[in-house]
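Trainee: only geometry, no sequence info:
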């Protein structure tokens, strides 16, 4: 009986591997795309010069692509379509087999207005007692520093509701939506997945140091961890990667900030620039943002919507500053302190 049980387990695991490999093969089984009637070869094909086409762009058959610069200073077009793809699987038994999973899923059961409009309803949030079937108090407790993670998913004086409300207000002021914010982060994650599928990703990764996005050039580096982080919402979302994206201020943008925020000291100006131009996140972030409108609270893992809008060129610096009426430093640094009962 023992040998039969082991054999059955082996067959199940082997079938999982075969099925996942079939999924990946189906996703990889094209080598070119057509954009505005012109055919382009895609990754792993390399171009000696920048193709000089819009990035991101949508091909004639509705697939999304990003132009990237490789470590060898050549260029490539990488498919990054945001979609409900193959399973997001983290397992030591079937190591490193994970995919796009439910990238378009929004928690419509808990947040019907978010699913319908891309933004939370304040009335719905105020009436909320549970998310994914768990009390808000429990989600807050395990999300605080030193619980599910050392850094935490929110600051010690924040709670899940204050964070959801705070970031919903920020995204509203920017004139954007949570799905719009999640999309560029999914594009970055899907770059990593595509390179992972090609077998060119080791734990320490720097073979695609730059990507082009909305006329900007963004520095990218990523590092895989030994284990994975589980979700405070008790869902299937997990995190294994440290991902960093960073852009540089232009001279004009630097002068704008110096003039607009001349009352800040040098340390505060440096903090303003760092928080505006650099995002440190894991692959949990785009799923959290798309599904719940959750960017994490004010910890080192915060994926600030203002930074997303600036780094990925969704809004200009002047437009972002106008949205916060010249209080951009406060908007980037003030915590979403829990309301007193």
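Mentor: Yep, that arrived. Computed from a predicted structure; not experimentally measured.

Trainee: immediately after the longest strand anywhere in the chain, which helix or strand?
Mentor: Taking DSSP state E as the criterion, the chain has its longest strand at strand 216-230. Using DSSP states H and E, the next helix or strand after strand 216-230 towards the C-terminus is strand 238-246.

Trainee: list the buried ones in the next helix or strand along the chain from that following strand?
Mentor: Next along the chain after strand 238-246, taking DSSP H and E as the criterion, comes helix 251-260. Neighbour counts over helix 251-260 (16 or more other Cβ atoms under 10 Å) mark 253, 256, 257, 260 as buried. Glycine gets a C-beta too; all of them are placed from N, C-alpha and C.

Trainee: again with stretch 331-341
Mentor: Buried-residue list, stretch 331-341, by 16+ other Cβ under 10 Å: 331, 332, 335, 336, 338.

Trainee: equivalent analysis for stretch 276-286, please.
Mentor: Buried, per 16+ other Cβ under 10 Å, within stretch 276-286: 276, 277, 279, 281, 282, 283, 284, 285, 286.

Trainee: relative to residue 181, how far out is the residue nearest to residue 321 when sequence neighbours are not counted?
Mentor: Leaving aside its sequence neighbours, residue 321 sits nearest to residue 328 (Cβ to Cβ, 6 or more residues apart in numbering; 5.2 Å). Taken as Cβ to Cβ, to the nearest Å, the spacing of residue 328 relative to residue 181 amounts to 17 Å.

Trainee: now do residue 152
Mentor: Applying Cβ to Cβ to residue 152 and residue 181 gives a distance of 21 Å.

Trainee: those two: who's more crowded?
Mentor: residue 181 (27 against 22; other Cβ atoms under 10 Å).

Trainee: for that one, give me the pLDDT.
Mentor: Here, the pLDDT recorded for residue 181 equals 98.

Trainee: so it touches residue 310, yeah?
Mentor: No: taking contacts as Cβ atoms under 8 Å, residue 181 lies outside contact range of residue 310: 11.8 Å.

Trainee: what residues does residue 311 make contact with?
Mentor: Each residue near residue 311 by Cβ atoms under 8 Å, 6 or more residues apart in numbering is listed here: 184, 216, 218, 245, 246, 247, 277, 278, 279.

Trainee: tabulate the residues you listed (TSV), appending pLDDT and distance to residue 34.
Mentor: Rendered in TSV, the data for the contacts of residue 311 read as follows (pLDDT from 0 to 100; distance: Cβ to Cβ, whole Å):
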residue	pLDDT	distance to residue 34
184	98	23
216	96	25
218	98	26
245	97	29
246	98	32
247	98	30
277	98	35
278	98	36
279	97	32
